[in-house]
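Novice: Predicted model follows, preceded by the sequence.
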Amino acid sequence: MIKKTSLYKLISTLLYLTTYIIASINIYFGFILMILFILYSSITYKYKNILNKNVIIFISINFFVVFIGLIMSIVNDSSSKDILRDVINTIFPSISLIYGYIFFSKYKIDHIYNTIVQGGLAIAFYQLFNFIKDPTLFLQSLRYIRIDNDASNFLLPTLAVLVVLFLRRYSEKKYFNFIIILILSASIILSLSRTNYIIFMLISLFLLIVRPKNTFVLKNFFGVILLLAIGFTILPAHIRNEIFGKMIHSITEVKGTGIWDFQEINSNWRGYENYLIKQQLSNTSLLNQLFGFGFGERLQLGVSISLAGSIYTAIPQTHSEYYYFLFKTGILGLTLIIIMHIYLLKFSRNIMDSVSRHFAISLSIIIAVEAVVVRGFFNSEAGFLCLSILGGLMSINSVPIKYERIKNETS
């Protein structure tokens, strides 16, 4: 018979995974779901010290960025629909942090790690099932596979394998941990995502340096590296070459060569976005340079280009978090975004428990790296995942939250 506590934890994991998937698929639905959960928790429970100072400072900085974007949107007379979209995107990090803070506040730290591993396994099995169901996927182009395998961009399996390898064994039985690592590693390979590959190697290197090294860690780490190398090698040549080319191209993609013909724009789209923002800011007033063009402003492309099946001459968002906020909120807004990153890293370094500290630093590094190419904080998948977990770590590693049901109050 399942214990009541275990059942609650299972339901909790399913609820978190559901929110994660919904947010990853559609940021607005995920945003609404988190708001409803926060409101429900606020109404159902009477909280004391609901948010510690770390959360409040982070939210305050975030909302100051929103304030700048809104003021400049009035100055530049942007459309209300575009303004609302930018507001939701900008406050998404704070909502994710609060969600994780409240969601994990009633549990011990082990529940966070178990939720990550169980969620990672669920997504891994889904990915494996996709390829078992249709092996001909391997004959398709990388772009087609990534579109068909809608879980390919998910960071959770990568995070889960890092947890089991370096931070917290899921089971006392070594062979069971090995099976989990094997399944999660297969998921990383089949994600065909250079971002997942790079993050795994980068965070593994960091954790290898800072974490105690024992036989379990070293044997399984090099085993995973060998497995990833073999898995990458046996991928069809056209997929392997395309992924390898994208990894090599990662640096130049965000910079470009400076000769912006149509072929260069297509090859280095992220770099072209950044180039346009720098050009537009260099030819504008000091006011716009300091405070940006405001929420709702679209970046004029100078060309007509097909994106996701539609033709655009201007775009509402860019890939780089840093350039996005430089454009929308200027130098001041970008400075505040950088301060938000630094503050998360500062909080992470101050956690007393070494496991939680190293994990929190890892999450802060992931967000900062992803900010260069996929909007970091404001990415509905990785942003939600990292910030909600950081919120949980803030909650559990701070003064315990006391709460009680309002309906049980006597006064």
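Specialist: Perfect, I can see it now. Computed from a predicted structure; not experimentally measured.

Novice: So for the helix ranked longest in the chain, what gets flagged as buried?
Specialist: Scanning the chain for the helix with the most residues, using DSSP state H, yields helix 321-349. For helix 321-349, a neighbour-count test (16 or more other Cβ atoms under 10 Å) marks 321-330, 332-334, 336-337, 339-341, 344-345, 347-348 as buried. Yep, even glycine has a C-beta here, placed from its N, CA and C like the rest.

Novice: Stretch 179-187 now?
Specialist: Quick answer for stretch 179-187 (16+ other Cβ under 10 Å): 180, 181, 182, 183, 184, 185, 186, 187.

Novice: With stretch 231-251 instead?
Specialist: So for stretch 231-251, counting by 16+ other Cβ under 10 Å, buried means 235, 239, 242, 243, 246.

Novice: Now do stretch 76-86: everything it contacts.
Specialist: The contact list for stretch 76-86, computed with Cβ atoms under 8 Å, 6 or more residues apart in numbering, reads 69, 70, 73, 293, 294, 295, 296, 297, 298, 316, 328.

Novice: which regions of the stretch 301-411 of the chain sit below the pLDDT cut-off?
Specialist: The model of the stretch 301-411 of the chain has pLDDT under 70 over residues 308-309, 398-411.

Novice: try it again with 50
Specialist: 399-411 (pLDDT under 50).

Novice: Can you give me the buried ones in stretch 29-38?
Specialist: 30, 31, 33, 34, 37, 38.

Novice: still on that earlier bit, now, the buried residues of stretch 179-187 that are in helices?
Specialist: Per DSSP H, the subset of the buried residues of stretch 179-187 in helices is 180, 181, 182, 183, 184, 185, 186, 187.

Novice: Next one: the second one from residue 162, what distance?
Specialist: In this structure, residue 181 and residue 162 are 10 Å apart, going by Cβ to Cβ, to the nearest Å.

Novice: Could you tell me what pLDDT the model assigned to the closest residue to residue 396 other than its chain neighbours?
Specialist: Closest residue to residue 396 apart from its sequence neighbours, by Cβ to Cβ, 6 or more residues apart in numbering: residue 109 at 5.2 Å. Residue 109 is assigned 86 on the pLDDT scale.

Novice: close enough to count as contact, residue 109 and residue 354?
Specialist: No. Residue 109 is beyond contact range of residue 354, at 12.0 Å (criterion: Cβ atoms under 8 Å).

Novice: and the two? which has more neighbours close in?
Specialist: It is residue 109, of residue 109 and residue 354, that has more neighbours when counted by other Cβ atoms under 10 Å, with 18 against 12.

Novice: need the strands for the stretch 201-350 of the chain, in chain order.
Specialist: With strands called from DSSP state E, counting those that start in this stretch, the stretch 201-350 of the chain shows them at 299-307, 310-315.

Novice: Burial-wise, tell me which of those comes out on top.
Specialist: Stretch with highest mean neighbour count among these: strand 299-307 (a mean of 13; mean count of other Cβ atoms under 10 Å).

Novice: Counting by contacts, list what it packs against.
Specialist: Here strand 299-307 touches helix 262-267, helix 269-282, strand 310-315, going by 3 or more Cβ pairs under 8 Å, 6 or more residues apart in numbering; DSSP states H and E.

Novice: so how far is that strand off the chain centroid?
Specialist: How far strand 299-307 lies from its chain's middle: 27 Å, per Cα atoms, centre = their mean, to the nearest Å.

Novice: what angle do that strand and strand 310-315 make?
Specialist: Between strand 299-307 and strand 310-315, the angle comes out at 170 degrees (axes from the mean of the first three to the mean of the last three Cα atoms, to 10 degrees).

Novice: gap between residue 231 and residue 217?
Specialist: Remark: distance between residue 231 and residue 217 (Cβ to Cβ) = 21 Å.

Novice: Leaving out chain neighbours, which residue sits closest to residue 83?
Specialist: Per Cβ to Cβ, 6+ apart, closest to residue 83 is residue 296, 3.9 Å.

Novice: Report how many residues lie close to that neighbour.
Specialist: Residue 296: 24 surrounding residues under other Cβ under 10 Å.

Novice: if we can go back for a sec, dump the strands of the stretch 201-350 of the chain to JSON lines, plus distance to residue 284.
Specialist: Compiled in JSON lines, these are given as follows (distance: least, Cβ to Cβ, whole Å):
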{"stretch": "strand 299-307", "distance to residue 284": "12"}
{"stretch": "strand 310-315", "distance to residue 284": "16"}
